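Asks: sequence-free structure coming up:
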């Protein structure tokens, strides 16, 4: 049975009743074994849980349809704890002990960057479904690492899209309040790249540490500046704290948030509706996206996981597993080089639209723009997620 037929079964919502998260000693010789590296413990464990569940659901759907030429997909989960050292150890075990055919991972960009030389040396195919650091694909494909692909928008794509959209809305004086990490600083660095051509500027620039809870002084500084908006690339758990303190410091309803920090999450909006009103975010995917395939995914995921609403990591790993399966089917092989060639030429019909890869093995895929309006995330359009590469 072809992957196209399998996807028809998927859209009908047919799900298997058995688990595909396999222990190594349960893997059969004819199985296609995929190692899935994600933070399954530690501060980011909930993101890893979404990734594992999304990928497992996709594998079940493929297996119910007969697998790939009769071969079943088995997933071996591996815990990175969102640290490069642990991620490398997990990847080494998958390669040397579990002898996986392919690897998907990691959510954390620092881990993915550490994994790239390892999988390259081992000749294993790594497909990323969640890391956003632009360096990952600057170094991939023609950039050097032939065995690395990414099916996720980069911080550069997101930063450019948000800044362009904000300027179109009339905002041009940005106060920065982002997480002090490669992600938070990287997004601001790539925003700065486009400020002059957009006629915009940073009027202040501040970064916070993970776990920080008091933003009153920096918000007061922003209130006394010329800023007309606050650019936040930050942690989902921190955004509600910032929003509540914006109310305390008199900024709510005056300066909208721009960037990315799970602005559209129901819990974030409910924490401080007045502060979140007008927030602008670019997203790889949203549960409210109303394509037929996306709505079917959400319904099936909720049915399978006791009503839990999927986040973008659940969707991204589900989509990426289906994409990998289609590439293996097209290659008619699990040989890494054959599947790489299939991915390079793929035109994957996802619920988000057609996905292809550029010569850096970065997915060219739509990116959704949304605003928070009257307490609800509203999708206002989409932009093409294509990178213009420059010297690093």
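Replies: Received it, and whenever you're ready, just let me know what you need. Not measured: the values here are computed from a predicted model.
Asks: Low-confidence stretches in the chain?
Replies: 1-29, 385, 391-392 (pLDDT under 70).
Asks: all helices of it, in order?
Replies: Per DSSP state H, the chain carries helices over the ranges 3-11, 45-64, 84-96, 109-122, 135-138, 155-168, 182-198, 216-223, 239-248, 266-271, 273-276, 292-304, 312-331, 336-344.
Asks: Run the chain-centre distance for the last one.
Replies: For helix 336-344, the separation from the chain centroid amounts to 22 Å (computed by C-alpha atoms, centre = their mean, to the nearest Å).
Asks: Break the chain into its domains for me.
Replies: For the chain, automatic domain parsing gives the domain ranges 3-152+287-361, 156-283+368-385.
Asks: need these in TSV with mean neighbour count, can you?
Replies: In this view, the C-beta of every residue, glycine as well, is placed from N, C-alpha and C. Below are the domains of the chain laid out as TSV (neighbours: other C-beta atoms under 10 Å):
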stretch	mean neighbour count
domain 3-152+287-361	20
domain 156-283+368-385	19
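Asks: quick one: contacts for residue 279?
Replies: 256, 257, 258, 263, 371, 372 (C-beta atoms under 8 Å, 6 or more residues apart in numbering).
Asks: that older thread, include distance to residue 103 when you put the helices of the chain into JSON lines, please.
Replies: Converted to JSON lines, these look like this (distance: least, C-beta to C-beta, whole Å):
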{"stretch": "helix 3-11", "distance to residue 103": "20"}
{"stretch": "helix 45-64", "distance to residue 103": "12"}
{"stretch": "helix 84-96", "distance to residue 103": "6"}
{"stretch": "helix 109-122", "distance to residue 103": "6"}
{"stretch": "helix 135-138", "distance to residue 103": "14"}
{"stretch": "helix 155-168", "distance to residue 103": "22"}
{"stretch": "helix 182-198", "distance to residue 103": "21"}
{"stretch": "helix 216-223", "distance to residue 103": "40"}
{"stretch": "helix 239-248", "distance to residue 103": "31"}
{"stretch": "helix 266-271", "distance to residue 103": "32"}
{"stretch": "helix 273-276", "distance to residue 103": "37"}
{"stretch": "helix 292-304", "distance to residue 103": "23"}
{"stretch": "helix 312-331", "distance to residue 103": "10"}
{"stretch": "helix 336-344", "distance to residue 103": "10"}
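Asks: wait, which of those is closest to residue 389?
Replies: For residue 389, the closest of the helices of the chain is helix 135-138, at 6.7 Å, according to C-beta to C-beta.
Asks: Spatially nearest residue to residue 38 (excluding sequence neighbours)?
Replies: Excluding the flanking residues, the one nearest residue 38 by C-beta to C-beta, 6 or more residues apart in numbering is residue 48, at 3.7 Å.
Asks: so what's the one you found up against?
Replies: Residues counted as contacts of residue 48 (C-beta under 8 Å, 6+ apart) are 38, 39, 40, 41, 79, 80, 107.
Asks: The closest residue in space to the fifth one that isn't next to it in sequence and residue 102, how far apart?
Replies: Translated: residue 79. Closest residue to residue 79 apart from its sequence neighbours, by C-beta to C-beta, 6+ apart: residue 40 at 4.0 Å. According to C-beta to C-beta, to the nearest Å, residue 40 stands 19 Å off from residue 102.
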